[in-house]
Every structure is written in structure tokens, then in C-alpha cells.
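Peer 1: For reference, the sequence and a predicted model appear below.
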Amino acid sequence: MSSYTPLLDGRDSEAAAPYVSYNEPTDEDEKFEDDDDADERSGPDERVGGTGDDSGGGGGGDSSGGDSSGSSSGGDFATLQWQNGGANDGASLPASKSAWGRFRAKLATVVESLWFRGVSVLLVLLDVTLVLASIKDDFKNEHIHIASSVIACYFCVEILLRIVAHGRQFFLNKWDVLDLVIVAASTTLNFVYTAGKLIVLIRLLRLIVCVRIVNQAQTLKATRRLVSQNKRRFVHKEGKFDLDVCYITERILAMSWPATDLKEMTYRNPMAEVVRFLDTFHSEHYRVYNLCAERAYSPDFFHGRVARFEIDDHNVGPLELLLRACEDMQRFWAADPANVLVVHCKGGKGRTGTVIGCWLLYSQQFKSAEAALQFFGGRRTDYTKGKKFQGVETPSQSRYVGYFERVLREGGVPAPVPYVLRAVRVHGLAGVGRGDGSDLRYEVKIDRQKVKVGPDSSLVGLDFGGGGGGDDDGDYSFDSASGVATFTLDLPVSGDVNILFFCSSPNVPRGYCKASFYFWFHTAFLEDNRLFLDRQHLDNPHKAKTHDCFSPQFACELLFTPQAQLSSSSSSYR
């Protein structure tokens, strides 16, 4: 194992390069989805030297966050945002610990949501249709009048809900005030007069409500909020910022992908707005870390202050890459107390949380991987918007942050230990496809390069044989007594290893990487020549939505022989 000491005193070290890129981009299917789904979690703040008050589980403090600042001073503003939960999120409301404040924040989320806007637009169009029908019927149809009255009541309630949610900010918006006047006038006349040109004119003016509802800027914000779910956002009314950006600490920011494509800008952070935000609050004191292997942008957007460490979506980076990333972050961090680190992947959660979790350990802000990951997730999650935990959730990503903790504790990235992977046993197959593993195909990657595909085929969807107990095709067998399928590999492995399993049966869900289940491990951390991963430690089966297929007994067991101990005779693992 090589000797290694974290660069904690990096001010005298060589400054970080303006632009760094590791690995070349790979072609990968793009999907309209965030990085990783996540189950709800919570955990204590075990930050070194911390009091526990900064762990972001809720909305933060009672002050107004970004709205009350207005300062362009990077350090002071970042500290204010950090102390108040990262942003004045919601609809012009500060994050609040009071029940009333939380209620208003949740109400604002509802009334500004896309589905609520859609319902309102449909009702406006329906009311216009009813007006035209009333004119044709000379206002004699009582049923039409009743329907119109119900619609009028809906808009009265909608106005009241928005006033409650937005408070005085409602009356500072010209569209909201005009909306209030039109709804009040049309509703009053609707109950006073049942016919006449005036009521027709006023009711037709409700079409102006549609302009407010489908207002481009507001609709784009609603779309972006829908995609970012309950991730904590940066909202600053004076600067007109509403971004999927979150202060994890006062000097570490997490965000989603800064979009340059017009279509993607409808649901992601627009690049120009991200640049404006960073130049406004952290001018010349920020460095952006792009973790996406599947896409890139010109470093010129951020004035060349970009480093790229390529990690595939829903996967982990090799330990050496994680270490290089932390070393680069430390150099920039230590060069100036005002410098901030801005980390992103696609959704700003899985890969972002993995690297930030490693950095929190590297910079000695946390002692354990579990505490660092819980801290990141707590800060990234806005519990006033939902209970979904927006932190690192895939088992392999969490496993590698755990590895990184050991790397720092034990003095460096261990030298790769060569093994022969003799077999992979899949337990608990009842209910998974054919139930005997004969419809499974695997891929093995070492250092992110595919080295083996089996059994006997590289094509998904083929019948791989072995349809019953005891059948054997050479590298696959199934024991009906124990319900265990065994895939014999006899494959030399070393370092970072990724194994994916694909199932040809249509009833088996496919998740990340289009695989039914997969996992990463590093050979230096194997114990007793064996690795056992139960359902909760396998990527994809760990998700609750897959548990109808994968039972609690579902697991993968890997059997190894150290190459140094190999004998001429091979042992049977069947």
C-alpha cells in the first residue's frame, strides 16, 4: 500500500489547473430522469466539530435566507444561505420551523404545480365554452348557469389559496392582482346577473387568467421544480434566481446539470443562469466539477474554472479517480478562504453525493462514511416539499464512500489484489423470471472495461438453456434443492470490478444501466475470499418498487481464490 497523506495544507501547493478532464466521454442513452431514486432516510449530524444544528433535515432557520440578503459578497452570502437551509424555497416564503410556515410552503408547491395549473386552464376553457353555449341558448339553460357558478367558486378558492401561500407577495405581482380583479368581478356578476352583455364580457375576460397560468417563466419554474422533486433549491427574489442549487456547506455546492440545450433548459438549470448566479455571489472564487461521463460542455462557460472527473450514470468512479478529485478540490479549497466547490452530475444527487461524501471525509469534516452521506442527503433534501430522501442511495455508491473512508484511515489506495473469480451464486430466485437463473446473462467489467460476457452469449433475450433442476451447460447450473443458480467464471479480476446481470424474462424489472441487478466492488477489500451481497446491497433490487419480484432471500455470493494461492487443480463450486 502506498503512503498517502491528505493535502490538508494546500495553500502552498500548486494551484489547481484551470481545466482538468479525466477519461474520454462515452456514448450513453440519455433519459428524462434524475440520477437516482431514493428511499426516505434520516440520520444524526456527526460532523467533526459540529453541533448537530446544521444538519439539514428540515427547512432551516426562521430567517428569510436569500431574500433578506441581497448581498453580493460571496463569503457572507454563502454563510447566510448555509445557516438558513440553503435557500428561500417555495413561493416567496422563508423555510420555517413553524407548522404554519411549513403548511404555507407545501400549499405554495401545490398551487404552483403543473397539474394544478393544467386544471385551471381546462376550467377557464370550459367556462368560455359555457358562455358561448349560453349566448346560443339565450341564457335560458339553468344547468349551464349552475356549472358556470361552480367554476366561479373554484377560482375564488384558488385565489384565496394563493393569497395564503404567497402572503403580501401576491399583491406585488401585477398578474396576480389582475387575476383577483377579474375573478372577483366575474363571480359577483355571475350571481347577480344571469344574462346580458356585461356578464358575457367579464366572463370572457377570464381568458386573461390563462395568460397568467401559462406564463412562460412561471411554467418553466414549475417544470423545473417538478423534475427536481424535493431537492433543496436556491431561490433569491431580488436576483431572480430559482435554481436546483444547494449549499451543502458554506463552501460546497451541489447542483444538477447546467443545460445549454433549449429543450433541456425547460426542466434543468439553464447554463446562463448558473453562470450568473456563480458570478454574482462567488465571482472568481468558484470551481465547477463535472462528474458526467456521458456529456460535457465548454469550460469557457465558467471562465475555464472546470474540472471533469468522468463517472457513468448510476455508477461509481474508481477509487483512484475519487482520490484525484478530492486532491484537486483540496488545492482549490485551500488556495483562498473565499473559494467554493461546485459539484454536479445530471441530477445532482448520486454521483454528486458520492464525490462530496468522499470530500467531507478527505477534508476531515466527518469521521465516518455513513455520517458524511447522511449529512449530504439531509442538506440536499427539502422536507417541506416531500419525504423522499435526496441523497446517495445506490448500494455501490455508498459502498465506495465506505471504501474511501478506509483508504484515508489506512494510508492510501491499496495496491490491486489479484484474484480469480471462480463463481457467482444467485440465491432466492423464486419469482425472478423463470425462477432458476436460466434467463440471466452477466457482464463483467474491470476498470470500466468489459472483459467477459456469459453464459455462452452476448445477446439479451436469448434462451440460455438450463431450464430445470440440475441442468448444466458448462458455466451455468441450478440446484433445485437449494434454489441457487451458479455461474462459473474462472476469471482473473483485480481492482475495481463491476458485474451486471440482465434477465430476458419480461416480468423482471430493468432499472439503472438497463440491468436487472448489478454491483461494484474492489478486490483490495475482500474478506475470506468471499463477497456476499443481500438484496439491500444490490443495485436495483434495493428499491422498494422491485420487491414484488426480488424476495428478501435474493442475494449474490461471489467466491474467489487469490492468484497467489492457486493450485493446478480447480475446485468445484457446484
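Peer 2: Sure, I can see it.

Peer 1: What number of residues are in the vicinity of E294?
Peer 2: 16 (other CB atoms under 10 Å). Heads up, the C-betas are built off the backbone N, CA and C, glycines and all.

Peer 1: Check the gap between it and K346 for me.
Peer 2: 8 Å (CB to CB, to the nearest Å).

Peer 1: can you check T523 too?
Peer 2: In this view, T523 and K346 are 29 Å apart by CB to CB.

Peer 1: Same drill for these two, tell me which one is more crowded.
Peer 2: Between T523 and K346, counted using other CB under 10 Å, K346 has the larger neighbour count: 23 against 20.

Peer 1: Can you tell me the SS state at that one?
Peer 2: coil (DSSP: H, G, I helix; E, B strand; the rest coil).

Peer 1: Any chance of the backbone angles for C246?
Peer 2: The phi/psi pair for C246 (degrees, to the nearest 10) reads phi -140, psi 130.

Peer 1: Please point out which parts of the lengthiest helix in the chain sit buried.
Peer 2: Identified as the longest helix of the chain according to DSSP state H is helix 142-166. Within helix 142-166, the residues that count as buried by 16 or more other CB atoms under 10 Å are 144-145, 147-148, 151-152, 155, 158-159, 162-163, 165-166.

Peer 1: Then stretch 273-292?
Peer 2: By neighbour count on 16+ other CB under 10 Å, the buried set for stretch 273-292 is 273-274, 277-278, 281-282, 285-292.

Peer 1: got these as TSV, with distance to N498 and secondary structure columns?
Peer 2: TSV is the format used below for the buried residues of stretch 273-292 (distance: CB to CB, whole Å; DSSP: H, G, I helix; E, B strand; the rest coil):
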residue	distance to N498	secondary structure
E273	36	helix
V274	31	helix
F277	35	helix
L278	34	helix
F281	39	helix
H282	36	coil
H285	37	coil
Y286	32	strand
R287	29	strand
V288	27	strand
Y289	22	strand
N290	21	strand
L291	17	strand
C292	18	strand
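
Peer 1: Can you add distance to L489 and pLDDT and give the residues you listed back as TSV?
Peer 2: Converted to TSV, the buried residues of stretch 273-292 look like this (distance: CB to CB, whole Å; pLDDT from 0 to 100):
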residue	distance to L489	pLDDT
E273	49	88
V274	45	92
F277	49	92
L278	48	94
F281	52	93
H282	49	94
H285	50	96
Y286	46	97
R287	42	97
V288	40	97
Y289	36	97
N290	35	96
L291	30	96
C292	31	94
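
Peer 1: With distance to K545 as extra columns, can I get those in TSV?
Peer 2: As requested, those are exported to TSV (distance: CB to CB, whole Å):
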residue	distance to K545
E273	33
V274	32
F277	35
L278	36
F281	39
H282	39
H285	42
Y286	37
R287	37
V288	33
Y289	31
N290	30
L291	26
C292	25
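
Peer 1: picking that back up, could the buried residues of helix 142-166 go into TSV alongside pLDDT and distance to C549?
Peer 2: Listed next are the buried residues of helix 142-166 as TSV, based on pLDDT from 0 to 100; distance: CB to CB, whole Å:
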residue	pLDDT	distance to C549
I144	74	51
H145	72	54
A147	83	47
S148	77	50
I151	83	45
A152	81	49
F155	83	46
E158	86	42
I159	87	47
R162	85	43
I163	90	47
A165	83	41
H166	79	45
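
Peer 1: Just give me the closest of those residues to L361.
Peer 2: Nearest to L361 out of these is A165 (CB to CB; 40.2 Å).

Peer 1: Isn't the closest one up against F103?
Peer 2: No. Applying CB atoms under 8 Å, one finds A165 not in contact with F103, separated by 9.1 Å.
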